[in-house]
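1. Have a look at this fold, sequence not included:
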C-alpha cells in the first residue's frame, strides 16, 4: 500500500520546499504464528471475513496437529487459545451424556453438565496445583494444553462409539479397553511433553500425577460408556 | 567462596557476587528491624529451589531483633551453602520457630495472593512419599513427628490429592465390583455416577470436619499446668495446629487407596480382613503420631477411642456400602436377579408402547 504524503508548511517557519515522500507498509504476511500473541503486523480491517475466520481456524488446526505429533512444543504455549478445548469438551460431553428418557433407572451415565464441569474444573484444579507447586506457566496456557491434549481421548471415544454399534462380546470390550488405554497414554505423554519443562525437577512427579489422574478419569468415563 | 580472613576484610577488595548460586535474590540482613524482609523467602518459595530458608520464612513470628538477626544470617548462610537436597531438620535454629502457625503469621502475605497458598505446597516428591510411608507403617515416624516435621511444614498437597484419588478409586472400583457381580446374570450393567458424589461427600466430611473437632477438643481439654513442674511447660501446653491435624488425617487415608482396589475381589472374608488390617494400621499410626498431643489432654482415653472408632466406621462403611455384595449361592440367586426383573419388565412394556428408532439401551 503506497501513500503519498505532501507536507505544506508555513512560509515563515521554514524556507525549505515542500516535502515529498513515500509511505509503504510491508505486504500482508501469511504466517499464522506471530511474535506477539494476537497482534498482527498488518491491517486486518480491510480483509474479507473469510480470511479472518480462516486464520483462527488454521491456528486451531495447527495446535491439533502439534498435539497429535508432539515434537515442537512452543506454538501451543505461545499462542494459546481455548477454542480447541471448547470444541472437544462439547463434543465429548454430547456423546457421553446419559439418556434422560423415561425408562432410565437411577443409574445413568454422566450428564452433559457433569462432563463439562469435570473437564473445565479439573483442568483448572490441575493448573492451580502446578502453579502452587511453583511452576512458571500461566494459567490459561496450562488450561489450553490440557484441553488440547484431550484430542487422543476424543479420538478413542469415536472409535469406541463405532465399536459399540455392533453387539458386544468380550473381544470387543477388550478392543475398547485397548483403544481407551492408548488414548489415555497418548494424552498423558503429550501433556507431559508440553508441561513437563515448567516445573522444578524435584517436584515434577508431584505436578505430573494430577495430570495423569485427570486423563485417567476422563478415559474411565469413555470406557464405561455403553 | 572461601571465608575471608581479617586481612582480607581490611583491604578494599571486590568479592564475587554471591548470587552465583541458585538463590534468586542476594541474602539480606536487617539489623534492629522489627520485621525482616521476607522477599528472599517469598521468591525462594516461588522458585522452589531454596529449601530450608524459604520454608520457614513465611512462618516467622515477629520475635525480638536478635532472633531476627540470627535467623537472617543463618538463612543467608544456608542459601550460599547450597540449597540442594536440604532436609527440613536443618531449618534455622531459633526458639520461636515452634508449631508452625501457618494461618496466623501471614502478616506479610495477603491471603488473596497465590504466594500465601504456596507456603502450604512447599514439599518435594521425596517428602510426600516419606509422609505417605509414615502414615502406613506404625512407628516409622519419629516421636516428635507431629511437632517437628508436620508442624513445621504442613502441606495441603498430600491430603487434597489423596482424598481426590481415594474418591475416584472407590467410585471406579465400586462400579467394577458391581459389573463383575452382575456380569453372569445377563443384567445390563450401567455406570452409576452417583457413587462418585456419595464417596466424595463422605470422604471430604471425614477428612475436614474430624480434624476441626479434634483440634477444638485438644484446645479446650488441655490439662492445667502444675506450677511446680515448670520445666515441662513448653511441651505440656502443646496442641497441634489445625493444618497439622488436617495433614495427618489426609495422609492417613492413603492406605485405603490400594485397599479399595483390592475390595473388587468379591470374597467376603478377604474384604473384612482388608478392612480390619487397614483400619488397624492407620489407626495405630494416628494414635502414635498424636501421642504428644493426647498426653496433654484431659480426655485422652475418650479421644483415643473416638479416633479409632471413627476410622473403623469409615472403612467398614466404604466396604459395606460400595463393595459388599452377597455371595452367589443357589439360595440367594433369586435375590440379585429379582432386582433387575422389574426393570426388565418396565423396559419391555415401554418398548412395546413406543419403539423409538435408534434408541440406545442404557
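-> That came through, no problem. This one's a predicted model, so the numbers in the text were calculated from it and none came from an experiment.
2. The nearest residue to residue A:8 once chain neighbours are set aside: how many residues sit nearby?
-> Spatially, and ignoring its direct neighbours in sequence, residue A:8 is nearest to residue A:18 (5.6 Å; CB to CB, 6 or more residues apart in numbering or on different chains). Where C-beta positions appear, they are placed from N, C-alpha and C, glycine not excepted. If you count neighbours by other CB atoms under 10 Å in any protein chain shown, residue A:18 ends up with 8.
3. pretty sure residue A:18 is touching residue A:7, no?
-> Yes: here residue A:18 reaches residue A:7: they are 6.2 Å apart, a contact under CB atoms under 8 Å.
4. In chain B, where is pLDDT below threshold?
-> B:1-4, B:8-9, B:12-64, B:67-68, B:71-72, B:74-108, B:183-191, B:193, B:227-233, B:324-362 (pLDDT under 70).
5. Contacts only, for residue A:159.
-> residue A:179 (CB atoms under 8 Å, 6 or more residues apart in numbering or on different chains).
6. likewise residue B:162?
-> B:132, B:250-251, B:253-254, B:257.
7. Skipping adjacent residues, who's closest to it in space?
-> Per CB to CB, 6+ apart, closest to residue B:162 is residue B:254, 5.0 Å.
8. Quick check: phi and psi on the closest residue in space to residue B:146 that isn't next to it in sequence?
-> Using CB to CB, 6+ apart and skipping residues adjacent in sequence, the residue nearest residue B:146 is residue B:289, 5.3 Å away. With angles defined as degrees, to the nearest 10, residue B:289 sits at phi -70, psi -40.
9. Relative to residue B:237, how far out is residue B:289?
-> 19 Å (CB to CB, to the nearest Å).
10. Those two: which has the busier surroundings?
-> The residue with more neighbours, out of residue B:289 and residue B:237, is residue B:289; 25 against 11, by other CB under 10 Å.
11. Buried residues, the helix or strand where residue A:63 lies. List them.
-> Assignment of secondary structure by DSSP states H and E places residue A:63 within helix A:49-68. Buried residues in helix A:49-68, counting neighbours by 16 or more other CB atoms under 10 Å in any protein chain shown, are found at A:59-60, A:63, A:66-67.
12. Number of residues surrounding the closest residue to chain B within chain A?
-> Of all residues in chain A, residue A:134 sits closest to chain B, at 3.6 Å by CB to the nearest CB. The number of residues packed near residue A:134 is 22, by other CB under 10 Å.
13. Can you tell me the SS state at it?
-> Counting by DSSP: H, G, I helix; E, B strand; the rest coil, the backbone at residue A:134 sits in coil.
14. so where's the longest helix in chain A?
-> For chain A, the longest helix by residue count, based on DSSP state H, is helix A:170-195.
15. Can you get me a residue count around residue A:212?
-> With other CB under 10 Å as criterion, residue A:212 counts 16.
16. Would you confirm that the residue nearest to residue B:146 contacts residue B:145?
-> Yes: counting by CB under 8 Å, residue B:289 does reach residue B:145; the two are 5.6 Å apart.
17. Now list whatever residues contact both of those two.
-> Joint contacts of residue B:289 and residue B:145 (CB under 8 Å, 6+ apart) are residue B:134.
18. ok, back up a step: let's see which of the contacts of residue B:162 end up in helices.
-> Those of the contacts of residue B:162 lying in helices (DSSP H): B:132, B:250-251, B:257.
19. Could you provide those residues in CSV, with additional columns for neighbour count?
-> Shown next, in CSV, are these (neighbours: other CB atoms under 10 Å in any protein chain shown):
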residue, neighbour count
B:132, 17
B:250, 25
B:251, 26
B:257, 17
